[in-house]
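Here is the input, now give the coordinates:
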Amino acid sequence: EVESLFRNNTGIRPDLRIETDACETLDQSETSVTCRYRETHHENGATHVRWSIAIIEFVSGQPRWRYLQETAVAESL
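Numbers count the residues shown, from 1 in each chain. Okay, here's the model as predicted:
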């Protein structure tokens, strides 16, 4: 379902630009990696920032996205 979601929505938001930075490995083992990174989305003059944590497992040498937590960063007042 996730693969279909991305495939069907490719190009649907051509003005969207996503930057990632502040990448950090939080945990790593022979079978998985947990990382944190910041995403900044730019679209139609608006900017939204979120922190993301992802857990990726490796099954038969292939990466499998197992978990994603995204937390929006509040805008300054």
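
For the rest of this, base every contact and every neighbour count on C-alpha atoms.
Noted.

pLDDT averaged over the longest strand seen in the chain - what is it?
In the chain, taking DSSP state E as the definition, the longest strand is strand 46-59. Strand 46-59 carries an average pLDDT of 94.

Would you mind extracting the C-alpha trace of the helix or strand just after that strand into PDB?
Using DSSP states H and E, the helix or strand that follows strand 46-59 in sequence is strand 62-72. Provided in PDB are the C-alpha atoms of strand 62-72 (Å, rounded to 0.1, in the frame of the first residue of the first chain):
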ATOM      1  CA  GLN A  62      17.300  -5.700   1.600                       C
ATOM      2  CA  PRO A  63      16.300  -2.600   3.600                       C
ATOM      3  CA  ARG A  64      12.800  -2.700   5.000                       C
ATOM      4  CA  TRP A  65      11.200   0.500   6.400                       C
ATOM      5  CA  ARG A  66       9.800  -0.700   9.800                       C
ATOM      6  CA  TYR A  67       8.900   2.400  11.700                       C
ATOM      7  CA  LEU A  68       8.600   6.200  11.100                       C
ATOM      8  CA  GLN A  69       7.700   8.800  13.700                       C
ATOM      9  CA  GLU A  70       7.400  12.400  12.500                       C
ATOM     10  CA  THR A  71       7.100  15.300  14.900                       C
ATOM     11  CA  ALA A  72       6.200  18.800  13.600                       C
END
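
between strand 62-72 and strand 46-59, what angle do the directions make?
Here the directions of strand 62-72 and strand 46-59 differ by 150 degrees (axes from the mean of the first three to the mean of the last three C-alpha atoms, to 10 degrees).

Outside of strand 62-72 itself, which residues are in contact with it?
48, 49, 50, 51, 52, 53, 54, 55, 56, 57, 58 (C-alpha atoms under 8 Å, 6 or more residues apart in numbering).

any chance of the residues you listed in CSV, plus distance to residue 29 and neighbour count?
Output for the contacts of strand 62-72, formatted as CSV (distance: C-alpha to C-alpha, whole Å; neighbours: other C-alpha atoms under 10 Å):
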residue, distance to residue 29, neighbour count
48, 32, 14
49, 29, 19
50, 26, 16
51, 22, 18
52, 20, 17
53, 16, 18
54, 14, 18
55, 11, 19
56, 11, 18
57, 9, 20
58, 10, 15
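
Fine by me, thanks again.
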